[in-house]
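[1] From the sequence below, what's the structure:
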Amino acid sequence: MRKALLAFGGNALIRSAEDGLQKDQMENAKESAEMVINLINQGLHPVIVHGNGPQVGNLLIQQEEAGNRVPPYTMDICGAQSQGSMGYILQRCIENMLKLRRLDFRCATVLTEVVVDTHDPGFQNPSKPVGPFYQAFRGRVLREEKDWVMREDPSNGWRRLVPSPKPIRIVQLEAIRLLVQNNYIVLAGGGGGIPVIQDPSGYMVGVEAVIDKDLTSAMLGTQLGCEVFIILTSVEKVSLDYGQPTQRELDEITLSEAERYLEEGQFPAGSMGPKIQAAINYIKHGGKEVLITTAEAVLTGKVGEVGTRIVRDP
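    Okay, the predicted model is just below:
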């Protein structure tokens, strides 16, 4: 079977109109399991990377509310917690669905550390907002006591910013590879991976950061030799001139076209930009094709007939 790297956001389990209750997340996970089944039925062996933004945000809110009773955890520990809880929810639904459909696969979650560079520019310019909004007084206290970088949102208050360094190496890569070779649907690199650095003695140390899950997905996909990289988003197809009268959807573009459109500013950093950059990285490092589309399209359609495909140049 061809291998497919499937990447989707944490909002696949906690949707915008929901409160994030456990029962809601378990119910939403069934849709992800159905996507896995649809891909298997098309001759693809999925490897899954999920986001964790809403889940880590909820953990940080819980820590703030209980801060005078329970010592808070750092960002790397919160990332690990969300990897474990989300992995369990998705794994349980996928395994049950595999059993129901009598498919010869198992499912496993790998707690995944991803090495980042201590000199990455992201550490000098924290840019990723995380956790709750704070009133001005509380924001000043946190900035002074914890040396946090804080940014004001005029509508909501103050919020913490953390670094978003680029992934360099997936620590558990060989374990993931062995599981895939032995017919496991693997959930790995959740939330982009637990960010760690390697100290001068070679030991791993967790850091306060968030890694872009699509960049980690692209790296994992190429290193596992996945033939297709599927990135789920909120629109069925990528568009040029998005939101303008001249907006037009793209069925297929080449690597060089994707690079040119990105350089021209067609894909903003706050929306489609990181996904296009991940697609470029994947193909440049040996990947064959990328599909960008919605969960609904993957749930019911066929890869190659839905969404926007990004392929190598002829």
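[2] Find me whatever residue is spatially closest to A279, sequence neighbours aside.
    V290 (4.0 Å; Cβ to Cβ, 6 or more residues apart in numbering). All C-beta atoms are positioned from the backbone trio N, CA, C, and that covers glycine.
[3] Name the residues that touch the helix or strand encompassing the one you found?
    Element membership of V290 [criterion: DSSP states H and E] is strand 289-293. Strand 289-293 has contacts (Cβ atoms under 8 Å, 6 or more residues apart in numbering) with 227-233, 236-238, 275, 279, 282-283, 303-304, 306-312.
[4] Which among those residues count as buried?
    Buried members of the contacts of strand 289-293, scored by 16 or more other Cβ atoms under 10 Å, are 227-233, 236-238, 275, 279, 282-283, 303, 306-311.
[5] how about low-confidence regions in the stretch 201-314 of the chain?
    Applying pLDDT under 70 to the stretch 201-314 of the chain flags no residue at all.
[6] Now with 90, please.
    Scanning the stretch 201-314 of the chain for pLDDT under 90 picks out 243, 269-271, 300, 304, 314.
[7] next structured bit after the strand or helix carrying D76?
    According to DSSP H and E, D76 maps onto helix 75-100. Of the helices and strands lying after helix 75-100 in sequence (DSSP H and E), the nearest is strand 106-110.
[8] packing partners for the helix or strand that comes right after that following strand?
    Next helix or strand after strand 106-110 toward the C-terminus (DSSP H and E): strand 113-115. If you count contacts as 3 or more Cβ pairs under 8 Å, 6 or more residues apart in numbering; DSSP states H and E, strand 113-115 packs onto strand 169-170, strand 194-198.
[9] can you put the ones you listed in JSON lines and add mean neighbour count?
    Below are those laid out as JSON lines (neighbours: other Cβ atoms under 10 Å):
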{"stretch": "strand 169-170", "mean neighbour count": "19"}
{"stretch": "strand 194-198", "mean neighbour count": "21"}
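[10] Turn the ones you listed into TSV, including distance to I14 and mean pLDDT.
    Converted to TSV, the helices and strands packed on strand 113-115 look like this (distance: least, Cβ to Cβ, whole Å; pLDDT from 0 to 100):
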stretch	distance to I14	mean pLDDT
strand 169-170	25	98
strand 194-198	20	97
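[11] what's the closest of those strands to D147?
    strand 194-198 (17.8 Å; Cβ to Cβ).
[12] Direction included, what does the closest one pair up with?
    strand 113-115 (parallel), strand 204-206 (antiparallel) (DSSP bridges).
[13] Check the offset of the strand holding V290 from the chain's centre.
    Relative to the centre of its chain, strand 289-293 is centred 15 Å away, using Cα atoms, centre = their mean, to the nearest Å.
[14] and the residue nearest to A279, bridged to which residues?
    Bridge pairing for V290 - DSSP bridges - gives F229, I310.
[15] ranges for the helices of the stretch 201-314 of the chain?
    Shown for the stretch 201-314 of the chain, the helices assigned by DSSP state H, counting those that start in this stretch span residues 213-224, 255-263, 273-284, 295-300.
[16] Please convert those helices to a markdown table, extending it with distance to D19.
    Formatted as a markdown table, the helices of the stretch 201-314 of the chain follow (distance: least, Cβ to Cβ, whole Å):
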| stretch | distance to D19 |
| --- | --- |
| helix 213-224 | 23 |
| helix 255-263 | 36 |
| helix 273-284 | 27 |
| helix 295-300 | 20 |
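[17] Which of the ones you listed sits closest to V70?
    The nearest among the helices of the stretch 201-314 of the chain, by Cβ to Cβ, is helix 213-224 at 27.7 Å.
[18] quick one, the closest one and strand 289-293 angle?
    150 degrees (axes from the mean of the first three to the mean of the last three Cα atoms, to 10 degrees).
[19] So which elements touch helix 213-224?
    Helix 213-224 is packed against strand 2-8, strand 44-50, strand 169-170, helix 173-181, strand 228-232, helix 273-284, with contacts defined by 3+ Cβ pairs under 8 Å, 6+ apart.
[20] Convert the C-alpha atoms of the fifth one to PDB, please.
    Spelled out, that is strand 228-232. Output in PDB follows, covering the C-alpha atoms of strand 228-232 (Å, rounded to 0.1, in the frame of the first residue of the first chain):
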ATOM      1  CA  VAL A 228       1.200  11.700  -0.600                       C
ATOM      2  CA  PHE A 229       0.900  14.400   2.000                       C
ATOM      3  CA  ILE A 230      -2.700  15.400   2.900                       C
ATOM      4  CA  ILE A 231      -3.200  18.700   4.700                       C
ATOM      5  CA  LEU A 232      -6.700  19.400   6.000                       C
END
